[in-house]
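Novice: Turn this into a model:
(one chain, ligands or ions: 1)
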Amino acid sequence: MASNKPAVAAPVAVTSTAHPAALAKSAAEAHAAHHPNNATAQPPAAFTYRYNSGFGNEFATEAEGYPGALPVGQNTPQVCPYGLYAEQLSGTAFTVGRSHNQRSWLYRIRPSVCHKPFEKLPANPRHVRNWSDAECEPTPNQLRWSPFNVPAQKEKVAFHEGLTAICGAGSPEARSGIAIHVYTASADMDKVAMYNSDGDYLIVPQQGALNIRTEMGLLYVAPNEICVIPRGIRFAVRLPEGPVRGYILEVYSGHFELPDLGPIGANGLANPRDFLYPMAAFESDVPNEGASYTVINKYCNQFWAASMDHSPFNVVAWHGNYAPYKYDLSRFNAFNTVTFDHPDPSVFTVLTCKSNSPGTAVADFVVFPPRWAVGQGTFRPPYAHRNAMSEYMGLIKGAYEAKAEGFVPGGGSLHSIMTPHGPDAPTFQTASNVDLAPVRVADGTMAFMFESCFMMTVGKWALEESKKVQNDYYTHWQGLKAHFDVNNKEGDKKKLKF
Ligand SMILES: [Fe+2]
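Specialist: As a prediction, this is how the structure comes out:
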């Protein structure tokens, strides 16, 4: 059985022969050289982060110091190398077609079934059990939130305790729908792990980096990066830079994938090679027997807790294509007009979770990165709009080009299905008069959108009790007065009177 190589050929872009430390260093150097102004924040030295790359690849990885931990040529030998347990984690039904089938095989010190019974945790007013509850308000009004408060360090709020449901639709029971959350936290998840049975989490840090230990290994995710923790994968979040805040898009069905590129061609937008997956790393400093760990499970939007006497992060090796991953948004290769008129924002889609209706997403994750604006004879900001989809926007940093004020980092906005929105009055005035020389747009800024086909309701805490809804939001459009002028048939900007 002894073998120094994984049985499954390692098909990943990062070479499998170099020393892992060298890999980490060379990847960081390569990134810094390619993006001198956007170098990924350097993770703390206390943890070693090792990644393979390539969206959706079939990975094979063993923890450092445990060569041959992956069985050769089969998944479940009578006795696994090092006496490990084999366990399959299915991300799709067994029978899903090969192009979309997702599963991984985990080789662990004890199987994940070794825990005491789950007990339901008390209800949290910031959570939403059912988006159809009377307490959840469907509203056609434009909504905008000021940033939620980040707890002080002494409050000791861990990631799983600081989850706040903003809006959503559908239900995990039906495996149909989405939820949008904001997280705020000030303490590490210490001997606590969490997993979400309801769907995949797409996490967008806005303030503070996250050190995320997962069953598959470690991820370091800084603001301007994102990560996806697929359904069922256990994880624990530590806060290497102190208190944090960010956004989460949760999908109750399917998984995220890269959007088709159509006429763009084979390259562009988020390129597959820039998605990083953790190499196997287990929690070797926690006893396999006698430790006290709590596992939190979100199941049908209720939180449960179970204890176990060992670390759930005990996977020594794994192979497969179902795993968490991260992506640096500064790697996004944006496409835009070089002639005239603002394209639809779908051109900025990073990841999509498809619905069964062709071309319609359960949810898209869209970013508005730094870029050039060169369109001529055109109104350059996003256009006035009513949409068949719901649009939730957030801001990681900077100032969004279509909103002169009020939309600040850590805040959010929701423009529901057929709710009008668009540039506010100051932005319209500026963009109608500006000299159309090529200019940089959004330098130092990263706004994003969660766009969904679902008609969402808003949680009571987010809408009322948070006291963060900006009640004057609608007034930002009231200054858009009529410029209709029979003497300005040619559309001369000099004839506009502001
Ligand atoms: Fe829109």
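Novice: from here on, contacts and neighbour counts on C-alpha atoms
Specialist: Fine.
Novice: all helices of this protein, in order?
Specialist: 20-34, 425-433, 460 (DSSP state H).
Novice: mean pLDDT lowest for which of those helices?
Specialist: Ranked by mean pLDDT, the helices of the chain bottom out at helix 20-34, with a mean of 38.
Novice: where in the stretch 1-150 of the chain is pLDDT low?
Specialist: 1-46 (pLDDT under 70).
Novice: And the stretch 351-498 of the chain, by the same measure?
Specialist: For the stretch 351-498 of the chain, the stretches with pLDDT under 70 are 401-404.
Novice: Quick one: the strands in it, in order.
Specialist: Counting by DSSP state E, counting those that start in this stretch, the stretch 351-498 of the chain has these strands, from start to end: 361-368, 371-373, 390-397, 412-415, 439-441, 446-452, 457-458.
Novice: how far away is the most centrally placed residue in the chain from residue 246?
Specialist: Geometric centre of the chain, nearest residue: residue 202, 2.7 Å, by Cα atoms, centre = their mean. Look at residue 202 and residue 246: by Cα to Cα, to the nearest Å, they are 11 Å apart.
Novice: likewise residue 127?
Specialist: Counting by Cα to Cα, the gap from residue 127 to residue 246 is 16 Å.
Novice: neighbour count winner among these two?
Specialist: Taking neighbours as other Cα atoms under 10 Å, residue 127 and residue 246 compare with residue 246 leading, 28 against 20.
Novice: Isn't that one up against residue 207?
Specialist: Yes. Residue 246 is in contact with residue 207 according to Cα atoms under 8 Å; the separation is 6.4 Å.
Novice: overlap in contacts of these two?
Specialist: Taking Cα atoms under 8 Å, 6 or more residues apart in numbering as the criterion, residue 246 and residue 207 both touch residue 410.
Novice: So what would you say the end-to-end distance of stretch 462-481 is?
Specialist: 32 Å.
Novice: quick one: contacts of it?
Specialist: Identification of contacts with stretch 462-481 by Cα under 8 Å, 6+ apart yields 126, 142-148, 164-166, 423-425, 428.
Novice: quick one: the strands in the stretch 51-200 of the chain?
Specialist: Applying DSSP E, counting those that start in this stretch to the stretch 51-200 of the chain gives strands spanning 51-53, 59-62, 85-90, 103-108, 119-120, 143-145, 163-171, 176-185, 192-196, 200-207.
Novice: Out of those strands, flag the one nearest residue 237.
Specialist: strand 192-196 (8.2 Å; Cα to Cα).
Novice: what's around residue 483, how many residues?
Specialist: Using other Cα under 10 Å, residue 483 is surrounded by 11 other residues.
Novice: So what's the residue count around the nearest residue to it once chain neighbours are set aside?
Specialist: What sits nearest to residue 483 in space, not counting adjacent residues and going by Cα to Cα, 6 or more residues apart in numbering, is residue 496, at 6.3 Å. Residue 496 has 15 neighbouring residues, counting by other Cα under 10 Å.
Novice: Kindly report the same for residue 196.
Specialist: Residues lying near residue 196 (other Cα under 10 Å) number 22.
Novice: ok, it touching residue 298?
Specialist: Yes. The pair residue 196 / residue 298 is scored as a contact, 4.8 Å apart, by Cα under 8 Å.
Novice: Next up, the contacts around the nearest residue to residue 444 once chain neighbours are set aside.
Specialist: The spatial neighbour of residue 444 that comes closest, neighbours along the chain excluded (Cα to Cα, 6+ apart), is residue 398 at 5.5 Å. Taking Cα under 8 Å, 6+ apart as the criterion, residue 398 is in contact with 408, 409, 442, 443, 444, 445, 446, 447.
Novice: got it, and residue 102?
Specialist: 90, 91, 92, 320, 321, 322.
Novice: Can you tell me, leaving aside adjacent residues, what's nearest to the fourth one?
Specialist: What it means is residue 320. Nearest non-adjacent residue to residue 320 (Cα to Cα, 6+ apart): residue 104, at 4.0 Å.
Novice: Quickly note the distance from the one you found to residue 229.
Specialist: For residue 104 relative to residue 229 (Cα to Cα), the value is 14 Å.
Novice: Give me the common contacts of these two.
Specialist: Common neighbours of residue 104 and residue 229 (Cα under 8 Å, 6+ apart) are residue 323.
Novice: Between these two, point out the one with more neighbours.
Specialist: Legend: neighbour count by other Cα under 10 Å for residue 104 and residue 229, higher for residue 229 (23 against 20).
Novice: neighbours around the residue nearest to that one when sequence neighbours are not counted, how many?
Specialist: Leaving aside its sequence neighbours, residue 229 sits nearest to residue 324 (Cα to Cα, 6+ apart; 4.7 Å). Here the count is done by other Cα under 10 Å, and residue 324 has 27 residues near it.
Novice: contacting residues for the residue nearest to residue 459 when sequence neighbours are not counted?
Specialist: Distances taken as Cα to Cα, 6+ apart put residue 136 closest to residue 459, at 4.8 Å, once the chain neighbours are dropped. For residue 136, the contact set (Cα under 8 Å, 6+ apart) comprises 457, 458, 459, 460.
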